[in-house]
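Engineer: Fold the stuff below for me.
(2 chains)
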Amino acid sequence: MNSRLTSPTLRGDTRSPKAAQTRRVARFKGQLGAYLFLLPGAFLFIAFIVWPMLYSLHISFYNWKIVHPEQSVYIGFQNYIDALTDPIFQRSVLNTLLYGLVTVPGQLVFGTLVALLLNDRFPGRAFFRTVYYLPVITSWVIVTSLFEYLFNGQAGLVNFILQSVGLIHAPIRWLADARLVMVPLTLLGIWKGVGWTAVIVLAGLQSIPTQLYEAAAIDGANLRQRLRRITLPLLRSTFVFLVVVLTIGALNVYISGLLIDRAGSLQDEAHFVLTWMDKQTFENFNFGQGAAISYLLTLVVFVVSLIQIRLLQPESDNS
Amino acid sequence: MQRKSFGLVILTIICVLTASLSVAPTHAADVVTITYWHTHSAPEAAQLTKLIAMFEKDNPNIKIQDTAYAYNDFQKALLTSIAGGQAPDTARMDIVWVPQFAQQGALLQLDSAMSDFKTISDATFPGALATNYWDGKYWGLPLDTNTQVLLWNQKVFQAAGITAPPATVQEFADDACKLTSTANGSHQYGYAMGGTYFWAIAPLFYSMGGKIVDDKLTTATGYINGKESAAVFQMIVDLYNKGCLSPSLLGGGIGTEQGHGTGAYAMIIDGPWMVDLYKQDFPTFQPAFAPIPAGVGTQNSSVVGGEDVVVSASTPHQAEALTWVRYLMSSKAQVFMGQVGIVPTLSALTGSKDLPAYYQVFMTQLQTAQARLPNPKWGAMDDAINAAFTKMLKGDAKVQDALDQAATTINGLLAAK
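Structural biologist: Below is the predicted model of the structure:
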C-alpha cells in the first residue's frame, strides 16, 4: 500500500490542481463532523469570552456611560494614565505583588513537603490526603471569616496563643494595619492552596519510574541525593505549571482581600488590584477605569507567565 | 383502539392549549406587570407579598412581580440589568445610590413625573426626603428610613452609679470614661464605634453642628475642616487616646452588637435593627435607647439611613409604576410594612399605636436627622473622611491637618464632573 502511494506516478497525479481540490474537499468532508462538534463550544467562547473582552477593551478608552453608551466620550489612554498614576492603584499593585511573592513559594514549599509525605505508604494515608485537600474545596468566604476570628485584635485565638507563650505582651491589631493585615491574608492564601499544590506534585511524583530510585539505591544514593538528582529534576515541568498557575491565582486574589478589608476598615491602603478594580467599577461607577485596570492586570499576567515559562523550561524545550 | 384513545387525548390537549392561548392575549393586554426589585429580608419579603396582594386587589389591571436580592449583589444586579436594557420598572434602593444612578440617567425624575409629588414628599421626614435630591431635582421618594440613637447598657450604668443616659455631648464624654474599667481582668469600654466610616461618627457629628460642605454643595473648606466638625473628631480622638473608646473601631475587634450585649461596651450608637438582633443573639438582654446627646447650643441630631423607591427612566409602564409607588408611600402600606421592623417615612406616623413601641425614639430622632451628602461621588468623599479619621486615631496626623486634607480631596470631587 505504501509503495503505491509513494510511486512517482501517483505523486505526480496528486500535484495536479484538480486532484488537490478533490483532496481538500475530501479532507473537509472528513473533518466536517469535528467542526460541527466544535461549533457550539466556539460560539459560546466567542459570545461569552471573546466578545466581552473586546467590548471591555472598547470601554477602557471611554468615559463610559452605562445607560447611554452613545453619550460616552472617547478619551484615548486617559483611563490607563489615571490608573497608573493613582496612588491607590500603585499601592494595590505592590500589595498584590507582595501577596504573590509570599504565597507562591509558600504553597510550593509546603505543597511539595506534604506531597512527599503523602507519597509514602502509611496507615491513614487516604484520610490525610482528604484533610489536606479540605481547605481547597471550602468556600473562600467561610475560611476568610474563620481567619477574621482567628486574627481578631481583641478576642482572637492567634493573639491569645502568642500572649500565652510570652511572644507578645499586648494584643496585635492584625486587621487594623495595612502591613499587618498581609499576615493573615498570606497565611490564608498559603493554607488554602497547599492541598491543591500537593495533589499536583503528588501526581508528578507518581509518574516518576520507580526503577530510577531502585537503580540509585543500588548505586548507594541516600535520600537527599535521590531527592536532588531524581525527584526534583523530574518534577521540573510540574513546578513550571504550578509556578505559572499559582502566580496567576495570586495576581487575581480578590475575595479574601475584599472581606478582610471590610472587616478591618482599612479603606484603600490594603487593596489588591482586583478589589480596587471592583470598587472603581461597581461602587464609584468609573467603568472606563475599571476596564483599563482589568486590561493592565491581564497584560501583567501575560508577561509574567511568559517570563516564567521561558525561565523555568529547560534549554531543550526553549529551542 | 388504544392508539385511537391516545390520539383523542392529544387532540383534546391541543384544543385546550389553543383555546387558552386565544384567551391569553386579551387578558395580557389588560394587565400590566410591574417589576419591583428590593433587598428585603425573608420576613419582610413575606409581608411584602401580602402587601402586593392587597395592591393587586385594589388595582386589578396591575400585577407586581417582585424580586429579592442580597444587599451585596444588588448594586451589580441593577447595573447589569440597566446596561442590558432590562432594568426593573421600580426598585427599592439604598439611599446613597440614588444620586449615582440618577447621574447615570437611569432614574425617572419624580418631581416632574408625579403631579402629586409635593403632597407626598411634604408628608415625609425632611432628612429622608433629602436623600433623593440631586442636581436640583428629586429622583425618588423615601420608602423606609432609619436613624441611629444611643444604646446604653442599664446594668453597666447602674454599676457605675449613673442613673440616666447622657443628654449632652459633654455628659456623654464624661460618662464614657467613668464607664471604662479594667477590673476583674476584663476590659470594659465606655463607648464603642462600628468603624471609622462616616456613618459611625455621623450622629455625633451632626449633633455637634458638624457640616461636610456648604448648602450649595460647592466647597468643603470651612465645613468638614471647620471649628464644629474638628471639635467632634477631637472629642473622639481624645476618648480613644484616654482608652475610653474601644480600639475596635480600627477593625478586627469585638463587634459593637456583641460588645454591648455582653456589657463590654457600655454605650454604642446604632439603629432599630438592633432590637431584632438582640432578640435573636442575646435573648435575655434588654437594650435601652436614648436620643443622641446634644452639642453645645445645638439641637440633637443624627444621620438618616434607609431606602428610597425609584422608577426606571426606561419603563414602558410609567403610569402603572407610579401607581405602585403612590401605594407604597400610602399610610396604609407604610404601617403595614412597619409591622416587620421597617420604619415608615411619613412623619405623621410618629407615635402611632399601630407601630411597635420602640419606633418612638427613632421616629422622634428622625425629625432632626440629616442626610449624608446626596452626591454621586459620596462614596469617595466618605473614603476621604474615613482616611482622615484613621490618620488621627493612629497619630499619623493632627485632627485639623487630617481634616484639611479631607477638605482638599472633597473639593476636588465636587469640582469633578
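
Engineer: use CA for all of it now, contacts and neighbours both
Structural biologist: OK.

Engineer: Tell me where the stretch 151-300 of chain B has helices.
Structural biologist: With DSSP state H, counting those that start in this stretch, the ranges of helices along the stretch 151-300 of chain B come out as B:154-159, B:169-178, B:198-207, B:227-242, B:256-261, B:273-281.

Engineer: So which residues on the stretch 101-250 of chain A come close to chain B?
Structural biologist: A:148, A:151-155, A:173-176 (C-alpha under 8 Å from any C-alpha of the partner chain).

Engineer: Next step: those restricted to helices.
Structural biologist: If you go by DSSP state H, these have residue A:148 in helices.

Engineer: Can you name the residues that contact residue B:59?
Structural biologist: Counting by C-alpha atoms under 8 Å, 6 or more residues apart in numbering or on different chains, residue B:59 makes contact with nothing.

Engineer: Can you tell me how far it is from chain A?
Structural biologist: Distance of residue B:59 to chain A, computed by C-alpha to the nearest C-alpha, to the nearest Å: 31 Å.

Engineer: Dihedrals phi and psi, the residue nearest to residue B:31 when sequence neighbours are not counted?
Structural biologist: Using C-alpha to C-alpha, 6 or more residues apart in numbering or on different chains and skipping the chain neighbours, the partner closest in space to residue B:31 is residue B:61 (4.4 Å). The phi/psi pair for residue B:61 (degrees, to the nearest 10) reads phi -90, psi 0.

Engineer: burial count for residue B:61?
Structural biologist: Using other C-alpha atoms under 10 Å in any protein chain shown, residue B:61 is surrounded by 15 other residues.

Engineer: List, one by one, the residues from the stretch 301-417 of chain B near chain A.
Structural biologist: B:377, B:379-380, B:383, B:386-387.

Engineer: For the stretch 51-200 of chain A, which segments count as helices?
Structural biologist: A:51-59, A:78-85, A:87-119, A:125-137, A:140-150, A:157-164, A:182-206.

Engineer: buried stuff in the helix or strand just after the last one?
Structural biologist: Towards the C-terminus, the helix or strand next in line after helix A:182-206, according to DSSP states H and E, is helix A:210-218. Within helix A:210-218, the residues that qualify as buried by neighbour count (16 or more other C-alpha atoms under 10 Å in any protein chain shown) are A:213, A:216.

Engineer: Also stretch B:334-354?
Structural biologist: Neighbour counts using 16+ other C-alpha under 10 Å place B:334-338, B:340-347, B:349-351 of stretch B:334-354 among the buried residues.

Engineer: For chain A, what's its nearest residue on the stretch 51-200 of chain B.
Structural biologist: Residue of the stretch 51-200 of chain B nearest chain A, by C-alpha to the nearest C-alpha: residue B:83 (5.5 Å).

Engineer: residues near that residue, how many?
Structural biologist: Neighbours of residue B:83 (other C-alpha under 10 Å): 16.

Engineer: And the one 5 residues further on, by the same measure?
Structural biologist: Close neighbours of residue B:88, defined as other C-alpha under 10 Å, add up to 22.

Engineer: In helices, which of the residues of the stretch 301-417 of chain B next to chain A appear?
Structural biologist: B:379-380, B:383, B:386-387.

Engineer: Tell me which of the helices of the stretch 51-200 of chain A approaches residue B:183 most closely.
Structural biologist: Between residue B:183 and those, the tightest spacing by C-alpha to C-alpha is seen for helix A:157-164, at 19.2 Å.

Engineer: From the buried residues of stretch B:334-354, which land in strands?
Structural biologist: The strands, defined by DSSP state E, take in nothing from the buried residues of stretch B:334-354.

Engineer: List just the nearest of the residues you listed to residue A:290.
Structural biologist: For the buried residues of stretch B:334-354, the nearest to residue A:290 is residue B:342 (35.4 Å; C-alpha to C-alpha).

Engineer: Where does pLDDT dip in chain B?
Structural biologist: B:1-29, B:184-185, B:417 (pLDDT under 70).

Engineer: Kindly report the same for the stretch 151-300 of chain A.
Structural biologist: Looking at the stretch 151-300 of chain A by pLDDT under 70, you get A:261-267.

Engineer: Now do the residue lying closest to residue A:114 once chain neighbours are set aside against chain B, distance only.
Structural biologist: Counting by C-alpha to C-alpha, 6+ apart, residue A:114 lies nearest to residue A:198, which is 5.9 Å off, once chain neighbours are set aside. Distance, residue A:198 to chain B, by C-alpha to the nearest C-alpha: 32 Å.

Engineer: can you list the residues of chain B near chain A?
Structural biologist: Residues of chain B lying near chain A (C-alpha under 8 Å from any C-alpha): B:75-76, B:79, B:82-83, B:100, B:104-106, B:195-197, B:248-254, B:377, B:379-380, B:383, B:386-387.

Engineer: Buried only: go through those for me.
Structural biologist: Buried members of the residues of chain B next to chain A, counted by 16+ other C-alpha under 10 Å: B:75, B:79, B:82-83, B:100, B:104-106, B:195-197, B:248-254, B:377, B:379-380, B:383, B:386-387.

Engineer: Check chain B for the residue nearest chain A and tell me.
Structural biologist: For chain B, C-alpha to the nearest C-alpha, closest residue to chain A: residue B:251, 3.8 Å.

Engineer: Can you verify my assumption that that residue contacts residue B:195?
Structural biologist: Yes: at 6.7 Å, residue B:251 and residue B:195 qualify as touching, with contact defined as C-alpha atoms under 8 Å.

Engineer: quick one: the residue of the stretch 51-200 of chain B closest to chain A and residue A:234, what's the gap?
Structural biologist: 51 Å (C-alpha to C-alpha, to the nearest Å).

Engineer: what's the answer for residue A:50, then?
Structural biologist: 37 Å.

Engineer: between these two, who's got more neighbours?
Structural biologist: residue A:234 (17 against 13).

Engineer: which non-adjacent residue is nearest that one?
Structural biologist: Nearest non-adjacent residue to residue A:234 (C-alpha to C-alpha, 6+ apart): residue A:208, at 7.1 Å.

Engineer: what's around the one you found, how many residues?
Structural biologist: For residue A:208, the count of nearby residues is 14 (other C-alpha under 10 Å).

Engineer: What segments of the stretch 301-417 of chain B are strands?
Structural biologist: Per DSSP state E, counting those that start in this stretch, the stretch 301-417 of chain B carries strands over the ranges B:304-311.

Engineer: Outline the domain layout of the chain.
Structural biologist: You didn't pick a chain, so chain A it is. Per the record, chain A has its domains at A:2-59, A:79-318, by automatic domain parsing.

Engineer: that answer is for a different chain, and I need it for chain B
Structural biologist: Split into domains by automatic domain parsing, chain B comes to B:31-147+B:305-366, B:149-302+B:377-415.
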